[in-house]
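Asks: Based on what follows, work out the 3D shape:
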Amino acid sequence: MASSQCCENPPTLNPTCGQGCVEDIGGLKAYITGPSDSKLAVFLLSDIFGYEAPNLRKLADKITVAGFYVVVPDFLYRDPYNPNDPKRPIMEWLKDHGTDKGTEDAKAVVAALKSKGVSAIGAAGFCWGAKVVVELGKHSLVNAAVLCHPAWVTVDDIKEVKTHTAILGAETDHLSPPELVKQFEEALSAKAEVDSFVKIFPGVEHGWTTRYDVDDETAVKKAEEAHQDLLAWFTKYVK
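Replies: Okay, the predicted model is just below:
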């Protein structure tokens, strides 16, 4: 089940925001930023609001400073969730945007990155996207994974992960409450071959890493702290 928190604080989408450009990769449109000749890539998997969210693209641009080629694919096929459409509530929308389809598309993106010479890949997922990243991690398709306020991820999912994984959780999160995140941490800690980093951020709610108010200084600082943790994880394992 989706939580109302999935739909709160929707961003004002902007197809022209960011320092990069939109290109095709793996059969999808994607926001591309950073050095195109880099052998190290990171791709970001959006929440239900899609790849035109300004804060998500701003994060993509920020990640490039470490030398990463960053892609933000449109896994939603120009059909992000619209909270103002009463005829298509979130559960109806999700019928057309299952994470199983997202996983197949993500595999195609991984293959496309490798075909252009990328040697190491990191993937970060936000809410909806985090479930897809977990599926990639189960099959060692990426070198490092970051899950930000994940949705629909289970302890059994985490037990199958084979990729070094960081989980950034919120103190107030109906989809992945701290109690569940702690269980994720225990499951990861039991896997000697997998390194992990788990952190629960106090005073924030589900979605805080990308759906924050840019005019709220405290919210910005909390998001930036998470962004630094994300970047540190990729710097450590995507090399």
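
Asks: Low-confidence bits of this structure, can you list those?
Replies: 1-3 (pLDDT under 70).

Asks: Grab the longest helix from it for me.
Replies: helix 217-237 (DSSP state H).

Asks: Flag every buried residue along stretch 192-209.
Replies: 194, 196-198, 200-201, 204-209 (16 or more other Cβ atoms under 10 Å). From N, CA and C alone the C-beta is placed, and that goes for glycine too.

Asks: tell me how far it is from the chain's mean position?
Replies: Mean C-alpha position of stretch 192-209 versus that of the full chain (Cα atoms, centre = their mean, to the nearest Å) differs by 12 Å.

Asks: now swap in stretch 221-236 and tell me
Replies: 12 Å.

Asks: oh, and call the first residue 52 from now on, that's how I've got it
Replies: With the count now opening at 52, the last piece we talked about shows up as stretch 272-287.

Asks: buried stuff in it?
Replies: Here stretch 272-287 shows 273-274, 276-278, 280-282, 284-286 as buried, counting by 16+ other Cβ under 10 Å.

Asks: Same check on stretch 227-246?
Replies: Neighbour-count burial for stretch 227-246 [16+ other Cβ under 10 Å]: 227, 231-232, 235-236, 238-239, 245.

Asks: Can you tell me what sits against that stretch?
Replies: 200-202, 204, 206, 209-210, 212-216, 218, 220-222, 224, 247, 249, 251, 257, 288 (Cβ atoms under 8 Å, 6 or more residues apart in numbering).

Asks: contacting residues around residue 107?
Replies: 62, 95, 97, 123, 177, 261.

Asks: Can you add distance to residue 133 and secondary structure and give the buried residues of stretch 227-246 back as CSV?
Replies: Output for the buried residues of stretch 227-246, formatted as CSV (distance: Cβ to Cβ, whole Å; DSSP: H, G, I helix; E, B strand; the rest coil):
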residue, distance to residue 133, secondary structure
227, 24, coil
231, 28, helix
232, 29, helix
235, 31, helix
236, 35, helix
238, 35, helix
239, 35, helix
245, 38, coil
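
Asks: so which of those residues would you say is closest to residue 91?
Replies: For the buried residues of stretch 227-246, the residue nearest residue 91 by Cβ to Cβ is residue 245; the value is 20.3 Å.

Asks: The closest one and residue 194: what is the separation?
Replies: As for residue 245, its distance to residue 194 is 12 Å (criterion: Cβ to Cβ, to the nearest Å).

Asks: Need the residues touching each of these two.
Replies: Counting by Cβ under 8 Å, 6+ apart, the residues touching both residue 245 and residue 194 are 214-215.

Asks: Not counting its neighbours along the chain, what's nearest the spatially most central residue of the chain?
Replies: A centroid search over the chain (Cα atoms, centre = their mean) returns residue 176, at 1.6 Å, as the residue closest to the centre. Residue nearest to residue 176 in three dimensions, not counting chain neighbours: residue 184, with 3.6 Å by Cβ to Cβ, 6 or more residues apart in numbering.

Asks: can I assume that neighbour sits in a helix?
Replies: Yes - judged by DSSP: H, G, I helix; E, B strand; the rest coil, residue 184 forms part of a helix.

Asks: how much space between it and residue 223?
Replies: On the measure of Cβ to Cβ, residue 184 and residue 223 end up 22 Å apart.

Asks: So for those two, which sits in the more crowded spot?
Replies: Neighbours were counted for residue 184 and for residue 223 using other Cβ atoms under 10 Å; residue 184 has more, 33 against 15.

Asks: who touches the more buried one in this structure?
Replies: Counting by Cβ under 8 Å, 6+ apart, residue 184 has contacts 96, 157, 174-176, 193, 196-198.

Asks: Now with 10 Å, please.
Replies: By Cβ atoms under 10 Å, 6 or more residues apart in numbering, the contact set of residue 184 is 94-96, 150, 153-154, 157, 173-177, 192-193, 195-199, 201, 204, 212, 214, 216.
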